[in-house]
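[1] Whatever this is, show me its structure:
(one chain, ligands or ions: 1)
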Amino acid sequence: MAVVAYHCGTATVSESVVDGGLVWDLFHDCAEVTAQECGRGELPPSLRAAMLQQCGTFGVRFPAADRLAVMRVLRGRGLALGGLHDVLANGVTGTAAEMEVLRGQLAAAGVEVVVVAVG
Ligand SMILES: [Zn+2]
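    All right, here's what the predicted structure looks like:
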(Lines give C-alpha, C1' and ligand atoms only; values in the text may rest on other atoms or scores of the structure.)
Protein backbone atom coordinates (compact mmCIF):
# COMPACT_ATOMS: atom_id res chain seq x y z
CA MET A 1 0.00 0.00 0.00
CA ALA A 2 1.36 3.42 -0.96
CA VAL A 3 0.39 6.93 0.11
CA VAL A 4 -0.32 9.19 -2.85
CA ALA A 5 -0.88 12.87 -3.55
CA TYR A 6 -4.64 13.29 -3.67
CA HIS A 7 -6.77 16.09 -2.19
CA CYS A 8 -4.93 16.81 1.10
CA GLY A 9 -2.29 14.21 0.37
CA THR A 10 -3.27 11.25 2.49
CA ALA A 11 -4.89 8.88 0.05
CA THR A 12 -3.72 5.31 -0.07
CA VAL A 13 -3.51 3.09 -3.09
CA SER A 14 -3.29 -0.67 -3.06
CA GLU A 15 -3.07 -3.38 -5.66
CA SER A 16 -4.10 -6.98 -5.54
CA VAL A 17 -4.54 -9.99 -7.75
CA VAL A 18 -8.10 -11.22 -8.28
CA ASP A 19 -8.82 -14.19 -10.53
CA GLY A 20 -5.36 -13.86 -12.04
CA GLY A 21 -5.85 -10.20 -12.97
CA LEU A 22 -4.70 -6.93 -11.46
CA VAL A 23 -7.10 -4.72 -9.52
CA TRP A 24 -6.31 -1.47 -7.72
CA ASP A 25 -8.03 0.66 -5.18
CA LEU A 26 -7.59 4.30 -4.16
CA PHE A 27 -9.05 5.38 -0.87
CA HIS A 28 -9.18 8.79 0.78
CA ASP A 29 -11.03 9.84 3.87
CA CYS A 30 -10.55 13.21 5.58
CA ALA A 31 -12.83 15.82 7.17
CA GLU A 32 -13.81 17.19 3.75
CA VAL A 33 -13.73 14.37 1.30
CA THR A 34 -14.35 10.67 1.27
CA ALA A 35 -13.40 9.16 -2.04
CA GLN A 36 -12.84 5.74 -3.38
CA GLU A 37 -11.78 4.82 -6.85
CA CYS A 38 -10.88 1.48 -8.27
CA GLY A 39 -9.85 -0.05 -11.52
CA ARG A 40 -8.59 -3.10 -13.30
CA GLY A 41 -5.21 -3.56 -14.93
CA GLU A 42 -2.09 -1.51 -14.45
CA LEU A 43 -2.30 1.52 -12.16
CA PRO A 44 -2.49 4.98 -13.74
CA PRO A 45 1.15 6.18 -14.22
CA SER A 46 1.38 8.62 -11.29
CA LEU A 47 -0.10 6.11 -8.84
CA ARG A 48 2.12 3.34 -10.21
CA ALA A 49 5.20 5.51 -9.72
CA ALA A 50 4.26 6.06 -6.05
CA MET A 51 3.66 2.35 -5.59
CA LEU A 52 7.07 1.46 -7.05
CA GLN A 53 8.82 4.12 -4.99
CA GLN A 54 7.21 3.21 -1.66
CA CYS A 55 6.65 -0.52 -1.98
CA GLY A 56 9.63 -1.42 -4.12
CA THR A 57 10.27 -2.80 -7.56
CA PHE A 58 9.97 -6.52 -8.14
CA GLY A 59 11.28 -8.61 -10.96
CA VAL A 60 10.98 -11.93 -12.73
CA ARG A 61 13.75 -13.58 -14.74
CA PHE A 62 12.94 -16.22 -17.29
CA PRO A 63 14.51 -19.67 -17.35
CA ALA A 64 16.29 -20.19 -20.69
CA ALA A 65 14.94 -23.74 -20.98
CA ASP A 66 11.35 -22.50 -21.21
CA ARG A 67 11.98 -19.80 -23.82
CA LEU A 68 9.16 -20.80 -26.16
CA ALA A 69 6.53 -20.97 -23.44
CA VAL A 70 7.75 -17.66 -22.02
CA MET A 71 7.53 -16.05 -25.47
CA ARG A 72 3.94 -17.22 -25.83
CA VAL A 73 2.96 -15.75 -22.48
CA LEU A 74 4.70 -12.44 -23.20
CA ARG A 75 3.12 -12.15 -26.65
CA GLY A 76 -0.24 -12.89 -25.07
CA ARG A 77 0.39 -9.86 -22.85
CA GLY A 78 0.83 -7.71 -25.96
CA LEU A 79 4.60 -7.41 -25.94
CA ALA A 80 5.91 -6.47 -29.39
CA LEU A 81 8.30 -8.96 -30.94
CA GLY A 82 10.97 -6.27 -31.22
CA GLY A 83 11.23 -6.01 -27.45
CA LEU A 84 11.15 -9.73 -26.85
CA HIS A 85 14.87 -10.42 -27.05
CA ASP A 86 15.69 -7.81 -24.40
CA VAL A 87 12.94 -9.00 -22.14
CA LEU A 88 13.96 -12.64 -22.44
CA ALA A 89 17.55 -11.71 -21.61
CA ASN A 90 16.86 -9.24 -18.82
CA GLY A 91 13.53 -10.28 -17.36
CA VAL A 92 10.83 -7.78 -16.45
CA THR A 93 10.19 -5.55 -13.44
CA GLY A 94 7.13 -3.90 -11.97
CA THR A 95 5.01 -3.74 -8.86
CA ALA A 96 4.65 -6.79 -6.62
CA ALA A 97 1.09 -7.41 -7.84
CA GLU A 98 2.06 -7.02 -11.52
CA MET A 99 4.78 -9.61 -11.08
CA GLU A 100 2.38 -11.90 -9.25
CA VAL A 101 -0.01 -11.76 -12.24
CA LEU A 102 2.87 -12.58 -14.58
CA ARG A 103 4.04 -15.41 -12.31
CA GLY A 104 0.52 -16.88 -12.45
CA GLN A 105 0.36 -16.63 -16.24
CA LEU A 106 3.74 -18.31 -16.56
CA ALA A 107 2.75 -21.04 -14.10
CA ALA A 108 -0.35 -21.73 -16.21
CA ALA A 109 2.02 -22.20 -19.16
CA GLY A 110 4.16 -24.59 -17.12
CA VAL A 111 6.97 -22.14 -16.39
CA GLU A 112 8.02 -21.76 -12.77
CA VAL A 113 9.52 -18.39 -11.87
CA VAL A 114 10.28 -16.64 -8.61
CA VAL A 115 9.36 -13.02 -7.98
CA VAL A 116 12.21 -11.17 -6.27
CA ALA A 117 12.61 -7.66 -4.89
CA VAL A 118 15.03 -5.72 -7.08
CA GLY A 119 14.89 -2.25 -5.60
ZN1 LIG B 1 -8.46 15.18 1.98
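[2] Please enumerate the helices of the chain.
    Here the chain has its helices, by DSSP state H, at 45-55, 67-76, 81-90, 96-108.
[3] hmm, which helix or strand of the chain has the shakiest average pLDDT?
    Within the chain, judged by mean pLDDT, DSSP states H and E, the helix or strand with the poorest mean is helix 81-90; its value is a mean of 83.
[4] what about that helix, distance to the chain center?
    18 Å (CA atoms, centre = their mean, to the nearest Å).
[5] Repeat that for stretch 16-28.
    In this view, stretch 16-28 has its centroid 10 Å away from the chain centroid, taken as CA atoms, centre = their mean.
[6] Around the ion, which positions in the chain sit nearby?
    7-8, 30, 33 (CB under 5 Å from the ion). From N, CA and C alone the C-beta is placed, and that goes for glycine too.
[7] can you tell me which two in those residues are farthest apart?
    By the measure CB to CB, Cys8 and Val33 form the most distant pair in those, at 7.9 Å.
[8] which residues are in contact with both of the two?
    Counting by CB atoms under 8 Å, 6 or more residues apart in numbering, Cys8 and Val33 have no shared contacts at all.
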